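K.L.:
give me a model of this one.
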Amino acid sequence: MPNAHRTVLLEEAVRGLVTKRNGTYVDCTYGRGGHSVAIARELNFDGRLLLVDRDLTAIHHARTRFDGDSRVLIEHGPFSQIRQFAHNHRLEKIDGVLLDLGVSSPQLDEASRGFSFQKAGPLDMRMNQTEGQTAADWLISASEIEITDVLKRFGEERFAKRIARNIVKARSEAPIDTTDRLVEIVEMSVPRREKKKHPATRTFQAIRICVNRELEELYSCLEDVVELLHSGGRIVVISFHSLEDRLVKRFFRRMTAGDPLPSRLPITDDQLNRKLKLVGKPTKPSETEILVNRRARSSIMRVAEKL
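P.N.:
Residues are numbered from 1 along each chain as shown. The predicted structure follows:
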């Protein structure tokens, strides 16, 4: 596929992240290494780059791509463990962290991963296939109320209750263990279609976020990153849907505002304990990038700097 391995907001992300050629940086979502390769090019011999990914296939790719590069360190696991990963390599402070959120193009394009409603395959959806509950397993055990809640919260699905009811009915007849079976159930449950959006889009997004605990992982990572960063260190986050971006936006807002104190309390600005400042405005892909990589169209990048 022509879009399979294109890296979103590549130049913008690296420019926003790397401020020191001898700095220590973390790419929390290696994927297929587009950002990592570009970051490594900006570092001199004294620089360090820690690569993290939950996906074992991505980790194998990273080990092959950076074999022999002494500047590069690699860890397999969720980015919520960034503090432990940094400790493993005696990285007390770091100069920048990149998070390119969501599912990667290779994961979407591989039918056996179960992320895509456009490809028939097993209903897995785990970003780390070595552990955890598959989407099929979750659909076996989740109650109708729980399924409805997940579809509403993580998919913002208007027909969540109807879809959940039909899932529960269908699973009593046969396990829902393939992507095409889930798509069929969703399609029969959605009475009105959105233009240019498949009816299963929101359901697949919601179940994937739930199975991988994506929002919890993100919030935990952000909190640890703030503590790990050097003064002047950057955090760059690329989001692909409103739930992720809203979480990042609110977190940055809280960190830039400082401690919540009574408005009339006689304190100076430096006593507010502000931890971050915003760097520039949110960045979206150019029309040119969207033309060559349709998957970039919903992306948005935010950058903040440690005070």
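
K.L.:
going forward, measure contacts between C-alpha atoms and count neighbours the same way
P.N.:
Fine.

K.L.:
any weak-confidence spans in this protein?
P.N.:
Along the chain, segments meeting pLDDT under 70 span 1-5, 259-272.

K.L.:
what's opposite residue 306 in the beta bridge?
P.N.:
Counting by DSSP bridges, residue 306 forms beta bridges with residue 276.

K.L.:
what about it, neighbour count?
P.N.:
For residue 306, the number of neighbouring residues by other C-alpha atoms under 10 Å comes to 23.

K.L.:
which parts of the stretch 101-250 of the chain are helices?
P.N.:
In the stretch 101-250 of the chain, the helices defined using DSSP state H, counting those that start in this stretch lie at 105-109, 135-141, 144-155, 160-171, 179-189, 201-212, 214-228, 242-257.

K.L.:
got these as a markdown table, with mean neighbour count and distance to residue 60 columns?
P.N.:
Converted to a markdown table, those look like this (neighbours: other C-alpha atoms under 10 Å; distance: least, C-alpha to C-alpha, whole Å):
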| stretch | mean neighbour count | distance to residue 60 |
| --- | --- | --- |
| helix 105-109 | 18 | 13 |
| helix 135-141 | 18 | 24 |
| helix 144-155 | 19 | 30 |
| helix 160-171 | 19 | 36 |
| helix 179-189 | 19 | 26 |
| helix 201-212 | 22 | 20 |
| helix 214-228 | 17 | 22 |
| helix 242-257 | 17 | 27 |
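
K.L.:
turn the ones you listed into a markdown table, columns for distance to residue 37.
P.N.:
Shown next, in a markdown table, are these (distance: least, C-alpha to C-alpha, whole Å):
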| stretch | distance to residue 37 |
| --- | --- |
| helix 105-109 | 17 |
| helix 135-141 | 32 |
| helix 144-155 | 32 |
| helix 160-171 | 41 |
| helix 179-189 | 33 |
| helix 201-212 | 26 |
| helix 214-228 | 21 |
| helix 242-257 | 25 |
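
K.L.:
closest to residue 122 out of those?
P.N.:
helix 179-189 (6.1 Å; C-alpha to C-alpha).

K.L.:
which residues are in contact with that closest one?
P.N.:
Outside helix 179-189, the residues within contact range by C-alpha atoms under 8 Å, 6 or more residues apart in numbering are 114, 116-117, 119-123, 159, 162-163, 166-167, 170, 176, 199-200, 203.

K.L.:
at 7 Å what do you get?
P.N.:
For helix 179-189, the surrounding residues in contact (C-alpha atoms under 7 Å, 6 or more residues apart in numbering) are 114, 117, 120-123, 162-163, 166-167, 176, 199-200.

K.L.:
likewise for stretch 230-244?
P.N.:
So stretch 230-244 is in contact with 13, 16-17, 93-102, 215, 245, 298-307, going by C-alpha under 7 Å, 6+ apart.

K.L.:
okay, and which of those residues map to strands?
P.N.:
Counting by DSSP state E, the part of these found in strands is 94-100, 300-306.
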